[in-house]
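*Asks:* I'd like to go over a predicted model; first the sequence, then the structure.
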Amino acid sequence: CAICNKTETKKVRDRVVLLSVDHNHTTNQIRGLLCNRCNRAIGLLGDDVVILRQAIKYLRYWEKKWRKTALEPTLFEAKGG
């Protein structure tokens, strides 16, 4: 897959399917081979770069917040429990 660099894992009737040929829906220009998961993901976001950037920003925000929270002592630990 051109996005995640993994091989296809989707199966149909116990057979792994081939990578999808991704293309621009306006120009029909072929962009590359994608696994089902990545192909669906960018399709569901409408191939919109602005939305994809916002999704990355959103994930990074929560990743930092979780990392910070994981380093803070829990209420139980802070009370010496």
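*Replies:* Sure, I can see it.

*Asks:* name the SS class of Asp39, please.
*Replies:* I think there's a mix-up here, since residue 39 is Asn and not Asp. Per DSSP: H, G, I helix; E, B strand; the rest coil, the local secondary structure of Asn39 is helix.

*Asks:* residues in contact with it?
*Replies:* By C-beta atoms under 8 Å, 6 or more residues apart in numbering, the contact list for Asn39 reads Ser20, Asp22. Glycine gets a C-beta too; all of them are placed from N, C-alpha and C.

*Asks:* all numbers from here: first residue = 13
*Replies:* Understood, numbering begins at 13; the last thing we discussed is Asn51.

*Asks:* in stretch 45-57, what counts as buried?
*Replies:* Residues Leu45, Leu46, Cys47, Asn48, Cys50, Asn51, Ile54 are the ones in stretch 45-57 that count as buried (16 or more other C-beta atoms under 10 Å).

*Asks:* now the residues you listed in TSV, with secondary structure, distance to Cys13 and pLDDT?
*Replies:* Listed next are those as TSV, based on DSSP: H, G, I helix; E, B strand; the rest coil; distance: C-beta to C-beta, whole Å; pLDDT from 0 to 100:
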residue	secondary structure	distance to Cys13	pLDDT
Leu45	strand	7	95
Leu46	strand	5	95
Cys47	coil	4	92
Asn48	helix	9	90
Cys50	helix	5	94
Asn51	helix	8	94
Ile54	helix	11	94
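
*Asks:* could you confirm Arg43 falls within a strand?
*Replies:* Yes: per three-state DSSP, Arg43 lies within a strand segment.

*Asks:* what's the neighbour count on it?
*Replies:* 13 (other C-beta atoms under 10 Å).

*Asks:* quick one: it and Asp34 touch, right?
*Replies:* Yes: in this structure, Arg43 is within contact of Asp34 by C-beta atoms under 8 Å, at 4.7 Å.

*Asks:* can you list residues touching both of these two?
*Replies:* When C-beta under 8 Å, 6+ apart defines a contact, the residues bordering Arg43 and Asp34 alike are Ala14.

*Asks:* and which of the buried residues of stretch 45-57 is nearest Thr19?
*Replies:* Each of the buried residues of stretch 45-57 was scored against Thr19 by C-beta to C-beta, and Cys47 proved nearest at 7.4 Å.
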